[in-house]
Structures are given as structure tokens and as C-alpha cells.
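S.K.: need the 3D shape of this:
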Amino acid sequence: MDLSAMPQLSEKVLAASNYLAPLHDIRVDDAQQTSGDSYEVPASFTMGDQVVHRTFRVRTGDYVAIHDGLIEAAPAGFGASGLRFNGQSTGTASVWLFPGAYVIEPDYSSFRFTGGADPVLLVDRSATAQIDALRPEITASVQANFRRLVSASVDACLASPDPDTECGLSVARVDGRPAATAGAVRRLASDALRAELRAQIADPSRMTPMDGIPIDDPPRYLQIQFSDDAVADLTATVTPRQGPPHHASVSRLRRATIDFGTILPRVTWR
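M.R.: Have a look, this model is predicted:
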């Protein structure tokens, strides 16, 4: 087993576990030979205030090997974000751990687990069900930041003099000519239309996990989907290089999406 590839088995992580739930009252009973150089060794110890009884499989020879001392945790549904154990990122969905106490957190700071991050005591394989029961959620501050980013992006698109914007709201043609050659564009957004857009951005039901992401994955990708008629009344004027301004229709808003797995999340329109 290559321990260099398993940073969660480091002295630092183990020390943190022992701080959270000190290990004491260790008792090892007589070994029972099962075959050849293989033995079963009953043991008990106290971790924090919990007494743990385990039987270890041991093989002797040139050296003593404990075959089931570690706990394999294979939590389902965390492949997208990963987990941290006592502050150490594992980087994989399946990890080996020493028996102990762990503060388990999503690997992305944008998430937290429902109910907080209380230490979890993992003493045998059955205890990993506690990991599977964890459910990540995006923090309220991150959701608020996403809404601010979307609002700023929408405002920038409405103010853009270009016929095309990343949000949509495109002016395609004016009097049969491509809008790109017709001149500067001014989108005529009323106060009522801006208020409706702000209401849709603030609507919790419109902020959902992005399409195509498995339902049991943490919602690393979020989207805000605007209604098809959100900008139905939006028009624009196009001022050509010569002649009077022209009125033009404007296309609908695209979906606002964000990937919280990046260091600096930004809004992408799809």
C-alpha cells in the first residue's frame, strides 16, 4: 500500500483525530490461531467516550501484518466534489482511514453538509454509513453571490451597445440588414421589466442543479432559468451610421449557469 498517495493516513490527520476523540484504555486479548501463521486478535479501546470492541486479523512471519486495521470508506455521490477528512483533501471517492474521529467536509468551500460539520466517529466498516448519509448543500452566502453575479451580468447585457451579448438579448436583423452592420444598439428595458428580472433571479424555485448532473451528486453546477416571456416586451433601437433609428425585436435570455468547482466561479450563459 503506497501511503504517499494516501495523505489522509498522515500523522497530522491522525493527530487531529486523537484530539477530537482521544484513544485510551487499550486492551488486547489472547490471539486465536486460525491457520498457519494467521491469527484473530480480540481488542478493545475507548475512543472519546465510546468503547470499541474489534477483532483484528493478523499474519505473522518475517513481520506482523494487520490485514483489517484500516477502514475503507466508499461514499456514494461525492465524485464531483470530493471530501476532506480533518482538513485533508482525499481527491478520490474511495479512501482508507485509520479508526478515529473525523470532521468531514465537502472539498469545495461553496458547500456545507446539512446539519453542520460535527465530528463523525469511524471505528469499523459499518460506520461508513454515516458518510453516505451526509447531504451537501450550497451555502446561503454562495447562492446570494450567484444572484449578484447574474444580476450584474444581466445589467451589463441590457446596457451593451452590441447586437449580440453573452446573455442572449440579441438583435438579429434590422430592415433586412444584419444588425452587426446597422449601427449601435440600445435596449429599451422598462422599470417593470427590470423588476421582473430581479424577481426571477431571486426566486428560489428557479435556481436548480444544472441539467445533466446526476441527482445524487452534489449540485456543483447551478443554473437560473428565466421564463420564455421574461423579456417578451423588450425592444431595441438601432442607430445606423446614416438615417433615423430603427426599432428591432430582441431574443430571449439564455440560462445563467455557474460552476462552483472553479477557484473563481463566474456566470456562463448557455
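
S.K.: packing partners of the longest helix along the chain?
M.R.: Across the chain, the longest stretch assigned as helix under DSSP state H is helix 140-159. The contact analysis (3 or more Cβ pairs under 8 Å, 6 or more residues apart in numbering; DSSP states H and E) places helix 140-159 against helix 191-202, strand 207-209, strand 221-224, strand 256-259, strand 267-269. All C-beta spots, glycine's among them, are computed from the backbone N, C-alpha and C.

S.K.: by mean pLDDT, show me the worst of the ones you listed.
M.R.: Among these, strand 207-209 carries the lowest mean pLDDT, a mean of 76.

S.K.: what's the angle between the longest helix of the chain and helix 191-202?
M.R.: Taking axes from the mean of the first three to the mean of the last three Cα atoms, to 10 degrees, one finds that helix 140-159 is oriented at 150 degrees with respect to helix 191-202.

S.K.: may I see the buried residues of helix 140-159?
M.R.: Val142, Phe146, Arg147, Leu149, Val150, Ser151, Ser153, Val154, Cys157, Leu158 (16 or more other Cβ atoms under 10 Å).

S.K.: ok so, going back, out of the helices and strands packed on helix 140-159, which is closest to His246?
M.R.: When the helices and strands packed on helix 140-159 are compared by Cβ to Cβ, helix 191-202 sits nearest His246, at 20.4 Å.

S.K.: about what we covered before: could you dump the helices and strands packed on helix 140-159 into JSON lines with mean neighbour count and distance to Val103 added?
M.R.: Converted to JSON lines, those look like this (neighbours: other Cβ atoms under 10 Å; distance: least, Cβ to Cβ, whole Å):
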{"stretch": "helix 191-202", "mean neighbour count": "14", "distance to Val103": "33"}
{"stretch": "strand 207-209", "mean neighbour count": "17", "distance to Val103": "26"}
{"stretch": "strand 221-224", "mean neighbour count": "20", "distance to Val103": "25"}
{"stretch": "strand 256-259", "mean neighbour count": "21", "distance to Val103": "26"}
{"stretch": "strand 267-269", "mean neighbour count": "17", "distance to Val103": "32"}
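
S.K.: so for Pro163, which of the ones you listed sits nearest?
M.R.: With Cβ to Cβ as the measure, strand 267-269 is the member of the helices and strands packed on helix 140-159 nearest Pro163 (15.7 Å).

S.K.: and that closest one, what does it pack against?
M.R.: Counting by 3+ Cβ pairs under 8 Å, 6+ apart, the packing neighbours recorded for strand 267-269 are helix 140-159, strand 256-259.

S.K.: export these to TSV and tack on distance to Glu72?
M.R.: TSV is the format used below for those (distance: least, Cβ to Cβ, whole Å):
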stretch	distance to Glu72
helix 140-159	31
strand 256-259	30
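
S.K.: how about those, which one is nearest Gln130?
M.R.: Gln130 sits nearest to helix 140-159 of all the helices and strands packed on strand 267-269, at 24.8 Å, using Cβ to Cβ.

S.K.: circling back to that earlier point, which of the helices and strands packed on strand 267-269 comes out lowest on mean pLDDT?
M.R.: The stretch with the lowest mean pLDDT among these is strand 256-259, at a mean of 85.

S.K.: where does the prediction get shaky in the stretch 151-270 of the chain?
M.R.: Flagging of the stretch 151-270 of the chain using pLDDT under 70 yields the residue ranges 173-183, 209-220, 241-243, 261, 263.

S.K.: in stretch 20-40, what's buried?
M.R.: Residues of stretch 20-40 classed as buried: Leu20, Ala21, Leu23, Ser38, Tyr39 (neighbour count, 16+ other Cβ under 10 Å).
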